[in-house]
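J.: The amino acid sequence is not available; the structure is as follows:
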């Protein structure tokens, strides 16, 4: 099973500032998907951003962007212009294209936004 | 939003009793999953299904069984609940990505909080 590691249990950011969450993964495969999910206090799992491994260009969704370093097996999430509504737990996840069925998740990073 | 409904949303039970959680989807997606979420562990896969009556174990399947008799329903059963099964349980669905269709992500239900006393 693939291992996904989020080394930062908690991160704090000032409103309007930028925060970067780290994620590394272990795989021998060349084709896969990577995701960042957000889980606010409501507990709902919300997809933030998706990256396909064969695409070299880093994915961007509004204030959220990733730094995908395939050789280093690193997939960090940058939240720009942080807002109070960004406060949540963020999970990094990996999905193989050869083993079609499952996502492997990291342990999560709790983001606190200071007003 | 993906049409995924979990029931019950909250349940308190006693050690040794059977518990069944239900996941219902209206998206006709092929894959269905049960994950559990515990502090410090992220989400861990319990069981998954790749079609009607086709299921397989995930990484934390001991003490759990599943059934899928219809495309839209995926049941998770704890035959004899234990305190270690106190957790938040998430159902998720996904389309197959092998055919080159579908974006690959999972869509999640709202979670079911189970407390075993």
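T.: Looks like it came in fine. Keep in mind it's a predicted model, so treat the numbers as computed, not measured.
J.: Tell me where chain B has strands.
T.: With DSSP state E applied, chain B shows strands at B:4-7, B:10-13, B:19-25, B:31-38, B:42-51, B:54-57, B:64-70, B:73-78, B:87-94, B:107-108, B:112-116, listed in chain order.
J.: So in that sheet, which strands flank the longest one, and in what orientation?
T.: Sheet pairing of strand B:42-51 (DSSP bridges) gives strand B:31-38 (antiparallel), strand B:54-57 (antiparallel).
J.: Would you mind giving the strands of chain B as TSV with mean neighbour count and mean pLDDT added?
T.: Glycine gets a C-beta too; all of them are placed from N, C-alpha and C. Shown next, in TSV, are these (neighbours: other C-beta atoms under 10 Å in any protein chain shown; pLDDT from 0 to 100):
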stretch	mean neighbour count	mean pLDDT
strand B:4-7	17	96
strand B:10-13	13	97
strand B:19-25	19	97
strand B:31-38	23	94
strand B:42-51	21	92
strand B:54-57	14	93
strand B:64-70	16	96
strand B:73-78	20	98
strand B:87-94	24	95
strand B:107-108	20	92
strand B:112-116	19	97
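J.: about what we covered before: and residue B:72, which of the strands paired with strand B:42-51 is closest to it?
T.: Closest approach to residue B:72 among those (C-beta to C-beta): strand B:31-38, 9.0 Å.
J.: ok now the closest one, how far from the chain's centre?
T.: 4 Å (C-alpha atoms, centre = their mean, to the nearest Å).
J.: Just want the angle from that strand to strand B:73-78.
T.: Angle, strand B:31-38 to strand B:73-78, by axes from the mean of the first three to the mean of the last three C-alpha atoms, to 10 degrees: 40 degrees.
J.: List the contacts of strand B:31-38.
T.: Here strand B:31-38 makes contact (C-beta atoms under 8 Å, 6 or more residues apart in numbering or on different chains) with A:100-102, A:105, B:21, B:23, B:25, B:43-50, B:58, B:60, B:64, B:66, B:68, B:74, B:76, B:87-96, B:106, B:111.
J.: partners of the helix-or-strand element of chain A with minimal mean pLDDT, with directions?
T.: In chain A, no helix or strand scores lower on mean pLDDT, DSSP states H and E than strand A:103-105, which sits at a mean of 88. Looking at strand A:103-105 with DSSP bridges, its partner strands are strand A:88-96 (antiparallel).
J.: Can you report how many residues lie near residue A:24?
T.: When neighbours are counted by other C-beta atoms under 10 Å in any protein chain shown, residue A:24 registers 17.
J.: Can you check the pLDDT for it?
T.: For residue A:24, the pLDDT comes out at 97.
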